[in-house]
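Visitor: Kindly generate the corresponding structure for this input.
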Amino acid sequence: MENENINLFSKLDIRVGKIVTAEEFKEAIKPAYILTIDFGFDIGIKKTSAQVTNYSLKELENKKCVAIINLGDKQIGPIMSQCLVLGSISSSGDVHLLNPDTNAKLGDKIS
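Guide: You can find the predicted model right below:
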């Protein structure tokens, strides 16, 4: 069972990205933003919907983040979500985005 779990984890492609733009996702059922994230030259730009409205739009722009990029695309209302941004969830329900070290480069693999 332990080896199976390690194999499942190793299949996830988790990368460092930088949020280029954040905008309100007006059509979302629960409050959310549409994030455009740059994962560097080899991977490029991906979009996602994220319930991170405890941050202001301005706070999110140019913020480094960590995301899974190989879960497949998922249609969420009018946008195609292409990655899953990772964060911790506080007891109040706020999402705190995981931040890579300042030396981490866009596209770096998380292991």
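Visitor: And the residue nearest the centre of this protein?
Guide: Per Cα atoms, centre = their mean, the C-alpha nearest to the average position across the chain is that of Val85, at 1.9 Å.
Visitor: give me every residue that touches it.
Guide: The contact partners of Val85, by Cβ atoms under 8 Å, 6 or more residues apart in numbering, come to 35, 37, 48, 50, 52, 65-67, 97. Heads up, the C-betas are built off the backbone N, CA and C, glycines and all.
Visitor: Now which of those residues would you call buried?
Guide: With neighbours counted using 16 or more other Cβ atoms under 10 Å, the contacts of Val85 contain these buried positions: 35, 37, 48, 50, 52, 65-67, 97.
Visitor: Mind checking which of these land in strands?
Guide: 35, 37, 48, 50, 65-67, 97 (DSSP state E).
Visitor: Please enumerate the helices of this protein.
Guide: Chain-ordered helices for the chain, with DSSP state H as the definition, fall at 2-11, 57-60.
Visitor: Just put these in TSV and tack on distance to Ile19 and mean neighbour count.
Guide: Written out in TSV, the entries for the helices of the chain read as follows (distance: least, Cβ to Cβ, whole Å; neighbours: other Cβ atoms under 10 Å):
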stretch	distance to Ile19	mean neighbour count
helix 2-11	25	8
helix 57-60	5	14
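Visitor: Minimum distance to Glu27: which of those helices has it?
Guide: Relative to Glu27, the nearest member of those by Cβ to Cβ is helix 57-60, separated by 16.4 Å.
Visitor: which secondary structure elements does the longest strand seen in the chain contact?
Guide: Taking residue count as the measure and DSSP E as the definition, the longest strand of the chain comes out as strand 14-24. Here strand 14-24 touches strand 33-38, helix 57-60, strand 64-68, going by 3 or more Cβ pairs under 8 Å, 6 or more residues apart in numbering; DSSP states H and E.
Visitor: For that strand, which residues meet the burial criterion?
Guide: Of the residues in strand 14-24, 14-19, 21-22 count as buried by neighbour count, 16+ other Cβ under 10 Å.
Visitor: Greatest separation within these: which pair is it?
Guide: The largest separation in the buried residues of strand 14-24, counting by Cβ to Cβ, is between Ile14 and Thr21 at 21.7 Å.
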